[in-house]
Each structure stands twice: as structure tokens, then as C-alpha cells.
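Q: One predicted model, sequence on top.
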There are 2 protein chains.
Amino acid sequence: MQFLLEVVDILTNYVRKTFDRSTKVLDFHHPHQLLEGMEGFNLELCDQPESLEQILVDCRDTLKYGVRTGHPRFFNQLSSGLDIIGLAGEWLTSTANTNMFTYEIAPVFVLMEQLTLKKMREIIGWPNGEGDGIFSPGGAISNMYSVMVARYKHYPEVKIKGMAAAPRLVLFTSEHSHYSIKKASAVLGFVLSDSCACYLVKWFCCVSAVQGFMPVFVNATAGSTVYGAFDPINEIADICEKYNIWLHVDVPNSVTWNPHKMMGVPLQCSAILVREKGLLQGCNSMCAGYLFQPDKQYDVTYDTGDKAIQCGRHVDIFKFWLMWKSKGTIGFEKHIDRCLELSEYLYHKIKNREGYEMVFQGEPQHTNVCFWYIPPSLRLLPDGEEKRQRLHKVAPKIKAMMMECGTTMVGYQPQGDKVNFFRMVVSNPAVTRSDIDFLIDEIERLGQDL
Amino acid sequence: MQFLLEVVDILTNYVRKTFDRSTKVLDFHHPHQLLEGMEGFNLELCDQPESLEQILVDCRDTLKYGVRTGHPRFFNQLSSGLDIIGLAGEWLTSTANTNMFTYEIAPVFVLMEQLTLKKMREIIGWPNGEGDGIFSPGGAISNMYSVMVARYKHYPEVKIKGMAAAPRLVLFTSEHSHYSIKKASAVLGFVLSDSCACYLVKWFCCVSAVQGFMPVFVNATAGSTVYGAFDPINEIADICEKYNIWLHVDVPNSVTWNPHKMMGVPLQCSAILVREKGLLQGCNSMCAGYLFQPDKQYDVTYDTGDKAIQCGRHVDIFKFWLMWKSKGTIGFEKHIDRCLELSEYLYHKIKNREGYEMVFQGEPQHTNVCFWYIPPSLRLLPDGEEKRQRLHKVAPKIKAMMMECGTTMVGYQPQGDKVNFFRMVVSNPAVTRSDIDFLIDEIERLGQDL
């Protein structure tokens, strides 16, 4: 127990320093440097045990060479920040070290999950919060659940007879949707159509019977990964309803909701919500006798394991529940409003600033702000291929220098015919306007001579 | 930070009491009792925030009404025990709060995973530890990976063209295999054959071409869930090699290895190991531009995200790595030997004891010991349907009383034509022979008047 308290001492120091802006965001090293053993930090596993003193050193080194995702100047991912209540929730969860598959060994957590899922469905607006849902290991798996459940709804016989029992199933999603939708399509044996435009869905429905393709699933994105853009959900919903196609995200069928993003819950915390009851269970049940005995002394409808594609399932609910208790619904609302305000602040700061170009005109739809920084040497170049090629290298170079300096982190990527641009997102409640200012100063400091 | 230390105080008290045999394993309540609010423990979520004092009360209540899976008399699941080094590893992991998808934001953890996977492949016996692998959220997902990779190896075009590009794919697994194999078969659109007997595989290979079925995947079980039994792996391997069928578990193709079971690593910790390099990446890559930029300044082959079906992936490696450092390989060996010794102790204690009947004759193949307890009132009954029906109710009744008393927990289930029997497993290093004795005394105390 003394050892555990010494680790707590290391961890609380780490947390304190993470919130201190004079601490670096990271102390960057290349893989080969870390593998060679930085200052005695030996990653190799051995036959013989190490002393507890050495284990404490290992813990310190692990944190030293890592990335402080809770630092107010870490903007690299939408999941950022370090909520102390959420952290306490995770520590309690690991101490309880149990499994979500049955009420038997996780009574409190199973009920918390059930109540929280209902609350989430109420917020989505489904009548009386009815429907179903489950927490899953991340948004990609939540998305995969939605495709599975849609397939089961249309072709339940696939569960027993395999995909040969169905025609060629088609999944529609826009090219800007998260790549996990494409992964789910591949895993589940669908044909992907990455144009979600409504006319295509219509067209497909008309000709599908002839060609042996069957449209089954449409993914609509509410806040795309890079742009934070929203698909025209109402329009898509009308078409899906008309042609009896499953719509994921919003009315009428299923939603993926990741509290580990904008809500600042520690990783990982993701839920799939399904409007129709019984489908998750029908789709995934295998009635394992050693876990889900029907002759238990309690109401076994509380056992969740047969809804999941997992067997063991990590307790992701408690930290979220505890944060909700601590903040209240209004606390989450305030937090998200604040992140959106900070994004607006950034947008207004740079939209007319010299050396910046926005990827889109107009206010951002979400917390994402996408922009190019154009160093002075490129500003006078005529538009054309040379300028494009040089601009394409600017964001990676600035990012690399940022990481070497360890001062801040922000993401970049190309998209379609657009060369590399920065994607700024805010989800950490510790971020202030001064951190946004710092990011812009840092981009200009590192990029002015490129 | 004061709040966090108060939570630590609650947690360290909890851990101390968990190892104290005078503490109950659980304080059982029915779902409706907990939902009604036990002694003011209100699970409902509200709009308004709660005070930090109330949050601490919530934490205490959550632990109070939960199950102590680390208690030396908790035998209900193979994942049990509470390793303090592993726990410290989890606390550090939650504090670091990062994501395994890129080296960029998890440099140390990504390298730890790579080195640990290599070490695991060496232990399996693959030459030079070569091959591939990834940690996944539990054994069910690891098993699903193996089926996915096998499908990709045989029919890579499925990734783009859907399952219509392949014939009817067949998966073989024995009826005693873990139910997650059946789930994977259903998810991935296979036809399941739950007889893994070698002759069936042979037969299938001969007739498959005619009937349009294609055998692709054989799962061999090394330690089945209930019996701890081993499939004849070498024999199956020969057939799979001859007919070019993917064999999961052992040579030559893939293995699921769950350190959160016999190795006592906190939940969850599971790896899928694949002998052929490049398949995981080929199968699952979608090249998401916003995460896996090819123009990063470091060696991007260390980014793991494109191997996974997840996007965000929890850091499950650190607790395992830290325990391995602390115990050494020899420490894990000793721990597993000790669990097997305790199982043997139980087996020898009850095999000729009055009122017990073993489900199988002969020494157990693994830590599982499966047995019936026959109360005195049933011992003189002639074998037959009445005795079977009464015996079927014994284990559920004893288990229900155990849970009401909170003294110990052990699993039971029926299997095939066998009525409910107890399945005892040992994985917690805190267990001693006296705890095994206690379990038997408790079964007899609770069952003698049934």
C-alpha cells in the first residue's frame, strides 16, 4: 500500500504540472531513441523481477516521455483535458476491477449504465427515453454496432446462415464521415458507397432490385471529424423513411455518442443508442450458459452481456456518471458552450489576419476551425501548383517544430484536393483565450521563415 | 487535488478490506432495491451539480454495493484478484489519459506494446518472435480479429466488394469453445459449424466445392471456458495445413492471449497475435488522413491505428508491462503454477469425498475443476430423471444463498445434457488452501438441507 501511495504522489505531481503552462506539452523523442534506452529507461521485459524502487522510476519515466493530453495547449485531438472527477472515477473503476457482462458482478455499474443510457436517449429526444443502447470501446465500435443492428433488422437470417443469406448490402456515407464507418462496412461485408448525396440514395433504391444491390444503411454525420460539418440530416431522414433504410446518427434508428470527446470524459467512453428495443440482444445474443444462467435469483434482464459483441466489457460508465453527478446536465452544457465560444474567438481572430486563409468561408458549424497559415515567403506567389506544393509542406514542418519544442500540439491533414491545413479543436475546459493566442503566436514564430 | 487524495483514501481502505477475509465478498441487493435508493444512494442523474462531499459519498456507496472481485474467496470468474502493481499501472494510465492510435500522442505506450507483443510471440514459439499483433478490448474482439484476418487472407476483395465477393465461408469450432467465436462468425457473415472434429473438416473440404461452401477458419481451444479442456491441436493443425485453412490459437496462424485471466492483469488486457506480418494492416487500414499523415517527422510505421478496427484504443499495455517488469517472466510462471496446484488440491480433496461427483474423471487439464455437490437427500435416489431434475436446482440454490450471505462466489452452468454443476477456477494469487477449504465447507453448509 505504501508503494501505491508513492505512485499517487508521482501522479498528483504530474497532474499539477500538466495544468501549469510553463510545463512542456511533450518531451519529444524518436522511436529509435526511446528504444535505445533514454537515460536508463529500459523498455525491455526480463525474466527476473525488478525492485519496487525501479518500478517507481519506470513510472516516472513513462510519464516523462509521454504526451500531456490534459495540458491547456494540447489541441491535437478532440479528446483532451483531464477532469479530476473523471480521473477519480477511473481510479475507482480500476480498483473495483470488474466486468460489465452481468449484474451479478457489477450490480451498481450495470444500473448506472442503464439509467445513463436512458438519460442520453431523452436528450436525443426519443419519446420517454425509450430504446436501447450499450457502452462500447470507442466510437468506431459504436458505429460498427449500428451497421450490425441495421443488418440484423433487415436480414436476421444472416446471424445463422451467413452473408450468403442476403443480397449485396450497400452502406452510404459521405466522404467526410469518420473512417470507422468504412471499417465497419468492410468488417461486416457491405459494399460502400461514399457519396451520401440524397439523389444517389434515391437512384440506388430505384435500380437496386435490378442489379442485386440492396441499400440498407445510411450514415449521417453530425460534426465531421475534420471540418465539424453537419450532413443535411432532415433531408436524409425523409428519404430513408420513404425507402425503409436504416439511418444512423439521428431519427429514426441509432446514434453514436462519445462522451470522451466534447464532454471531456476520460478515455474511453462511447455509447451506441438504438431506438428499437430488443435488436441489440437479438443481433448479438449467444446465450452463454456459464455467464447468463436463466435460473439466477435476481432479475436477469439486467445482465447486459448478450447485447455486446464483447464478452468481458470494461466499466466505462462510472467516470461519466460521477462527472454528470458533479457537474449536472447544466455543467456539461456550460462546458460545451465555452468550447464553442473559444472556437469562435479563434475564427474571428484569424479570419482577416494577414497570412491566414480559412478552409471554409463562414462561421464554423462546430468547434473545428480549419485554416492554412501562409508564411511571408509564399504570400506573394501567384496561385498555382508551385504555391500548392509549398503550402502543403508548411503545416507538417510547423507541427514537427512544435513537437520538438514541446510547446503545443495541433492536428493537420490534407482533404480531397485541399493541401495540408491545420484543424483546431477545443474540448479541454482548462483552455483560455490566452492559449488560443499562444497557438497563433507559436504558428507564426515557427512558420515565419519557412 | 485534495478531493483526489480523499478518493485515494477511500480506495486504499477498500483494497485493505478486500484482502481481509472477514470482509464479505458482496453485499447483495436486487436491482429494484438499488434503483429505489439504498440508504440515500441515488443513482439518478440531475440537471444541477452535487457537492464534492456528496461525490465522495457516492464513491463510497458505489464500492459498498459492488462485488469485491479481488477478495480471496471470489471464484466466480477467471479474471479475479487485485494486483497492486497492475492497479498502480491502471491509475497511471488513466492519469496519462491518452490513446494508442498514434506514436505521436502515446510514444512510450506504443513502444511498450510493440516490445511486449514480440515477447509474447517468442513465448508462443514463433521463430524470432516474428509476426504481428495488437491489444484489443477483450478476448471476444481478439477472436473476431482472427476471423477477420483469416477472411482477408483468403478473400482480400471482401474488404471492398463485400461478402458477395466470396463463396459461403464456413467457420469450424467445437461446441465447448467460447461463445465469442460464434459471435464473430455471425458478425462477419460466416456459416458456423460447431463440430470441430477432424473428420468433419476433412469431409467438408472434399465436398465444399460442389456445394458452394468454403472452409476458411478453424478455432482450436486451449483451455475451454467451462471445462478447461484442450482440443487436439496438433491433429487439427495437420489437417488445416493440408487443406489450407486458417487455424486460430496455435501454429500456424493466430493466437488470442488474455493476460487479464490467468496472469492476473487488471481488466481489460487481451492481445491478438498473428503469425504473418502485414495482414492486420492490410485487413483494417483505411488511411485516415487526420491521424496517419505520411509526412510526420517520425517513423510512422510505429502508428498502430490502421491495424485496429477501433479508432481510439485504450491503453491496456502499461499495467501489463509494469507487472511484467515487477514480477519478471518467472514471477508469472510461479503464479500460474500455484493456481494449478490449488486446483489440484481441490480436485484431490473432493474426488472421493462423500456427496461430490466430478463432471469428468481424471485430473483436470487446466485450473478448472467441474463438479456436482449432491445433498444428502439426493444421495440415495436412484439415477434417473427425478434425480437429474432435483440436482439441476442444487447449484443455483447454493449460489443464491452464497450471494445473499456474501461469503464467497463460484460459477455454475449446465452443459449439453449435463445438469447444473459448479465450475471452480483459481487465478487470484491471494488464494490459499484455506480458501478452497472454506468454499467446500460453505457449499456443504448451505447445501446439506436441500
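A: Received the coordinates, thanks. Residues are numbered from 1 along each chain as shown, chains lettered A, B, ... in the order given.
Q: CA only for contacts and neighbour counts going forward, please
A: Will do.
Q: For beta bridges, what are the partners of whichever residue of the stretch 351-450 of chain A sits closest to chain B?
A: When scored by Cα to the nearest Cα, the stretch 351-450 of chain A has A:Q413 as its residue closest to chain B, at 4.9 Å. Beta-bridge pairing of A:Q413 under DSSP bridges involves A:F421.
Q: now do A:N219
A: Under the criterion used (DSSP bridges), A:N219 bridges to A:T173, A:H248.
Q: quick one: pLDDT of it?
A: As predicted, A:N219 sits at a pLDDT of 88.
Q: does it really touch A:P252, like I thought?
A: No. If you go by Cα atoms under 8 Å, A:N219 and A:P252 don't touch, sitting 11.8 Å apart.
Q: Look at these two and report which has more neighbours.
A: Neighbours were counted for A:N219 and for A:P252 using other Cα atoms under 10 Å in any protein chain shown; A:N219 has more, 27 against 18.
Q: What separation do you get for that one and chain B?
A: For A:N219, the distance to chain B (Cα to the nearest Cα, to the nearest Å) stands at 17 Å.
Q: Check A:K119 too.
A: A:K119 is 8 Å from chain B, by Cα to the nearest Cα.
Q: any idea how far the nearest residue to that residue once chain neighbours are set aside is from A:V249?
A: Closest residue in space to A:K119, ignoring its immediate chain neighbours: A:G129 at 6.6 Å, by Cα to Cα, 6 or more residues apart in numbering or on different chains. The spacing between A:G129 and A:V249, counted by Cα to Cα, to the nearest Å, is 16 Å.
Q: Between those two, which has more neighbouring residues?
A: A:V249 (23 against 17).
Q: give the contact list for the nearest residue to that one once chain neighbours are set aside.
A: In this structure, A:V249 finds its nearest non-sequential neighbour in A:V255, 3.9 Å apart by Cα to Cα, 6+ apart. Shown in contact with A:V255 (Cα atoms under 8 Å, 6 or more residues apart in numbering or on different chains): A:S146, A:H248, A:V249, A:I272, A:L273, A:V274.
Q: From the contact counts, what lies against the helix or strand containing the first one?
A: Using DSSP states H and E, the secondary-structure element containing A:S146 is helix A:139-154. Other helices and strands packing on helix A:139-154, by 3 or more Cα pairs under 8 Å, 6 or more residues apart in numbering or on different chains; DSSP states H and E, are helix A:179-187, strand A:213-219, strand A:254-257, strand A:270-274, helix A:279-284.
Q: A:E90 and A:I317 touch, don't they?
A: No. Using Cα under 8 Å, A:E90 is not in contact with A:I317; the gap is 9.4 Å.
Q: tell me which helix or strand of chain A sits lowest on mean pLDDT?
A: In chain A, no helix or strand scores lower on mean pLDDT, DSSP states H and E than helix A:198-211, which sits at a mean of 60.
Q: Go ahead and measure how far the helix ranked longest in chain A is from the middle of the chain.
A: Ranked by residue count and defined by DSSP state H, the top helix of chain A is helix A:317-350. Distance of helix A:317-350 from the chain centroid (Cα atoms, centre = their mean, to the nearest Å) equals 16 Å.
Q: winner for burial among the helices and strands packed on helix A:139-154?
A: Highest mean neighbour count of the helices and strands packed on helix A:139-154: strand A:270-274, a mean of 27 (counted as mean count of other Cα atoms under 10 Å in any protein chain shown).
Q: how far does that strand sit from the chain's center?
A: Distance, centroid of strand A:270-274 to centroid of chain: 13 Å (Cα atoms, centre = their mean).
Q: Low-confidence stretches in the stretch 201-350 of chain A?
A: A:201-211, A:250-251 (pLDDT under 70).
Q: SS state for the closest residue to A:G70 other than its chain neighbours?
A: Leaving aside its sequence neighbours, A:G70 sits nearest to A:G81 (Cα to Cα, 6+ apart; 3.8 Å). Three-state assignment for A:G81 (DSSP: H, G, I helix; E, B strand; the rest coil): coil.
Q: Could you do the one 10 residues further on as well?
A: Reducing the assignment to helix, strand or coil with three-state DSSP, the entry for A:W91 is helix.
Q: State whether it and B:L92 are indeed in contact, as I suppose.
A: No. Using Cα under 8 Å, A:W91 is not in contact with B:L92, being 9.0 Å away.
Q: Can you get me a residue count around A:Q54?
A: As a burial measure, A:Q54 scores 14 neighbours (other Cα under 10 Å).
Q: ugh, wrong one, A:G289
A: Applying other Cα under 10 Å, I find that A:G289 has 16 neighbouring residues.
Q: Might one say that it is in contact with B:P414?
A: Yes. At 6.6 Å, A:G289 and B:P414 qualify as touching, with contact defined as Cα under 8 Å.
Q: Strands along chain A, start to end?
A: Taking DSSP state E as the test, the strands found in chain A are A:74-75, A:132-136, A:168-173, A:191-193, A:213-219, A:246-248, A:254-257, A:270-274, A:356-358, A:369-373, A:409-415, A:418-424.
Q: Pull the distance from stretch A:58-69 to the chain's centre.
A: For stretch A:58-69, the distance to the chain centre is 23 Å (Cα atoms, centre = their mean).
Q: again, but for stretch A:180-187
A: On the basis of Cα atoms, centre = their mean, stretch A:180-187 sits 15 Å off its chain's mean C-alpha point.
Q: can you tell me the average pLDDT over that stretch?
A: Averaging pLDDT along stretch A:180-187 gives 90.
Q: what sits up against it?
A: Contacts of stretch A:180-187 (Cα under 8 Å, 6+ apart): A:139-141, A:143-144, A:147, A:171, A:173, A:191-192, A:219, B:148, B:158-160, B:162, B:188, B:284-286, B:309-311.
Q: make it 6 Å
A: Contacts with stretch A:180-187, where a contact means Cα atoms under 6 Å, 6 or more residues apart in numbering or on different chains, come from A:A140, A:M144, B:K159.
Q: what do you get for stretch A:423-438?
A: Residues contacting stretch A:423-438 (Cα under 6 Å, 6+ apart): A:P72, A:L78, A:S80, A:G81, A:M262, A:C339, A:T367, A:N368, A:V369, A:C370, A:G411, A:Y412.
Q: how about the nearest residue to the second one, chain neighbours excluded?
A: Among residues not flanking A:L78 along the chain, A:K261 sits closest, at 5.4 Å (Cα to Cα, 6+ apart).
Q: what's the distance between that neighbour and chain B?
A: Relative to chain B, A:K261 is positioned 11 Å away (Cα to the nearest Cα).
Q: Thought A:S79 was touching that residue, still the case?
A: Yes. With contact defined as Cα atoms under 6 Å, A:K261 counts as touching A:S79 (4.5 Å).
Q: of these two, who's got more company?
A: A:S79 (29 against 22).
Q: For that one, give its distance to A:P294.
A: According to Cα to Cα, A:S79 and A:P294 sit 40 Å apart.
Q: now do A:A271
A: Computed with Cα to Cα, the distance linking A:A271 and A:P294 is 27 Å.
Q: related to what we said a few turns ago, just the closest of the contacts of stretch A:180-187 to A:Y14, please.
A: Checking those against A:Y14 with Cα to Cα, the nearest one is A:A140 at 30.2 Å.
Q: need the contact list for that closest one.
A: Contact analysis of A:A140 by Cα under 6 Å, 6+ apart lists A:S180, B:Q310, B:C311.
Q: need the residues of chain A near chain B, please.
A: With Cα under 6 Å from any Cα of the partner chain as the criterion, chain A meets chain B at residues A:46-50, A:67, A:91, A:105, A:138, A:140, A:159, A:161-164, A:168, A:186, A:188-191, A:289-290, A:297, A:310-312, A:325-330, A:400, A:413.
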